[in-house]
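Trainee: Predicted structure and sequence below. I'll ask about it afterward.
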Amino acid sequence: YGGQQCLLTVFVDETETREAQAQLESSEERYRSLMIEASDAIVVSDESGRFVEVNEAACRLLGYPRSELLGRSPSDLAAAESLADVLEDVERLRAGEILRIERAVARKDGTTIWAEIVASLLPDGRGQAILRDVTQRREAEQRAERLLHLYAATAEIDRAIARIDEPQRLFEEACRIAVEIGEVALAWIGLIDEESPDRRVHVVCGAGDALDSVRAINLSVDGNKSLAGARAILEDRVVSATIEDPEYAAFRPEMLAAGLKSVIVVPLHRGGRVVGGMAVSDSAADAFDAAETGLFKRIADDVSYRLD
């Protein structure tokens, strides 16, 4: 400068930049701490939808070690009944929508749970989802709704008993009501043929798509003593069973093909003697709890009353 060599020094105030960087680092550290300590499952995905961060609660909920969960996507964890919805959810999230949804999720061990999910985009464009297991709540709600249908079916069968005198018509109406109003998969009534050598049980009526499968079974009281229907008649008590029970091994393929996983059989009486049974089947393996069993017993007792 002015013919002389000079050293030019420029000072730039980086205070705000450094403070912003420190705040960002502090915020990220707090986020990581919250994510680690959270009781709810949290997953963070990159722009391609692959998980890049998961907390311990997510590993417990989904049954995967962290190393196996990282790199997976929401569609990898979606149960079959929720897969189409999950694919749509991903697109909605990318569009910036905040999601509050419930989806069926497949755990590593093959079991399915229902999760309440809140998902949104983070400021850096990554996706974050918080998951909470709501399986028990949903099951309780479904049980309550099912009981309401069964109470309605019981009331309707009581009205049918009051107006129908002919037993066959009453049987048919009771089965129809159980399926259409009670929303069970299958209902049928069988009566014992005391003249046959093994006291065969004849299916006299029924309702439901799988009725033909039941008619195809050669059911007899003395020849199939281990089956629920025979036990209910022989022991004069309500008997429930599932397709996982050993005595149903021979019928398991047919029952699965018909979508039936559980059955309850209630004995029918005439003049104080067991003359047959009313059977109800459903697609859920644990369909009949104590409350539902009590309702079906009441239905069978009411039908038996009319037979007398």
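Mentor: All right, it came through fine.

Trainee: Quick check: which element contains the residue nearest to residue 174 when sequence neighbours are not counted?
Mentor: Distances taken as C-beta to C-beta, 6 or more residues apart in numbering place residue 157 nearest to residue 174, at 5.2 Å, with adjacent residues excluded. All C-beta spots, glycine's among them, are computed from the backbone N, C-alpha and C. Assigned by DSSP states H and E, residue 157 belongs to helix 135-163.

Trainee: Any buried residues in that helix, and which?
Mentor: By 16 or more other C-beta atoms under 10 Å, the buried positions in helix 135-163 come out as 146, 150, 153-154, 156-157, 160-161.

Trainee: what does the average pLDDT come to for that helix?
Mentor: For helix 135-163, mean pLDDT is 91.

Trainee: Counting by contacts, list what the helix or strand following it packs against.
Mentor: The helix or strand immediately downstream of helix 135-163 is helix 167-180, counting by DSSP H and E. Contact analysis of helix 167-180 by 3 or more C-beta pairs under 8 Å, 6 or more residues apart in numbering; DSSP states H and E lists helix 135-163, strand 186-192, strand 201-207, strand 273-282, helix 290-307 as its packing neighbours.

Trainee: could you redo the last one with a cut-off of 10 Å?
Mentor: Here helix 167-180 touches helix 135-163, strand 186-192, strand 201-207, strand 262-270, strand 273-282, helix 290-307, going by 3 or more C-beta pairs under 10 Å, 6 or more residues apart in numbering; DSSP states H and E.

Trainee: Would you reformat those as a markdown table and include distance to residue 41?
Mentor: Compiled in a markdown table, the helices and strands packed on helix 167-180 are given as follows (distance: least, C-beta to C-beta, whole Å):
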| stretch | distance to residue 41 |
| --- | --- |
| helix 135-163 | 13 |
| strand 186-192 | 38 |
| strand 201-207 | 43 |
| strand 262-270 | 31 |
| strand 273-282 | 31 |
| helix 290-307 | 32 |
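
Trainee: I'd like to know which of these lies nearest to residue 115.
Mentor: Closest to residue 115 of the helices and strands packed on helix 167-180 is helix 135-163 (C-beta to C-beta; 8.1 Å).

Trainee: At the geometric centre of this structure, which residue sits there?
Mentor: Centroid-nearest residue in the chain, with C-alpha atoms, centre = their mean: residue 139, separated by 6.8 Å.

Trainee: Now for that residue: which residues touch it?
Mentor: By C-beta atoms under 10 Å, 6 or more residues apart in numbering, the contact list for residue 139 reads 114, 284, 286.

Trainee: Tell me the most packed of these, by neighbour count.
Mentor: Per-residue neighbour counts (other C-beta atoms under 10 Å) across the contacts of residue 139 peak at residue 114, which has 19 neighbours.
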